[in-house]
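Undergrad: no sequence for this one, just the structure:
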C-alpha cells in the first residue's frame, strides 16, 4: 500500500476498529477466458459487463464481437488517441495508439482503413482494441 492508501485505511479503521488490512487474493476460479483476456489487456473494470458469453446472440446486439472494418476519422498524434468510424455505421469509436497491433502509428491519418475488435478502455467504456492496418490490396 502506498502512503495515501495507508492514511485512508487508518481513517476507516477509526470508524470500524475491526477492519483488517486487505490481503492480496488469487483471482476467482470462475472467471472465463474472456475475463482473463480483458485483464491481460488492462481494459478496466468489467463489473458492469453482462455475464454469460456474448456469442450467443441474445445479448442485445449492443456490443458486437469479432474483427470489424472502419477508417480513422481523427488521430491526435501528440496525445496518442483518436476515433474510428465503423464501415457498418453507428457511433465513432475511441482508440488509443497502445492498442495498435499491426502497422505504424505514423500511418494513422484520417481516411486510413483499419481492422479492429471492440473492447473496453480502462474506465469501462467501449473502445477499439487489437487495431491493425491491413496491407494495401495487391493489384
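TA: Happy to help now that I have it. For clarity, every value in this text was computed on a predicted model and none was experimentally measured.
Undergrad: State the mean pLDDT of the biggest helix by length in the chain.
TA: Longest helix in the chain, counting residues (DSSP state H): helix 3-15. Here helix 3-15 scores 81 as its mean pLDDT.
Undergrad: next one: stretch 80-98
TA: pLDDT averaged over stretch 80-98 gives 89.
Undergrad: First residue to last residue on that stretch, what's the distance there?
TA: 8 Å (C-alpha to C-alpha, to the nearest Å).
Undergrad: chain center to it, what's the gap?
TA: Relative to its chain's centre, stretch 80-98 lies at 12 Å (C-alpha atoms, centre = their mean, to the nearest Å).
Undergrad: Hmm, residue 109 and residue 75 touching each other?
TA: Yes: look at residue 75 against residue 109 with C-beta atoms under 8 Å: they come within range, at 6.7 Å. Where C-beta positions appear, they are placed from N, C-alpha and C, glycine not excepted.
Undergrad: Comparing those two, which residue is more hemmed in?
TA: Neighbour totals were compared for residue 75 and residue 109, and residue 75 leads with 19 against 12 (other C-beta atoms under 10 Å).
Undergrad: how about the closest residue in space to that one that isn't next to it in sequence, secondary structure?
TA: Spatially, and ignoring its direct neighbours in sequence, residue 75 is nearest to residue 82 (3.4 Å; C-beta to C-beta, 6 or more residues apart in numbering). Here residue 82 is strand, with the state taken from DSSP: H, G, I helix; E, B strand; the rest coil.
Undergrad: Number of residues surrounding residue 82?
TA: Neighbours of residue 82 under the rule other C-beta under 10 Å: 22.
Undergrad: quick one, what contacts it?
TA: 72, 73, 74, 75, 76, 94, 95, 108 (C-beta atoms under 8 Å, 6 or more residues apart in numbering).
Undergrad: Check residue 130 too.
TA: 67, 99, 101, 116, 117, 119.
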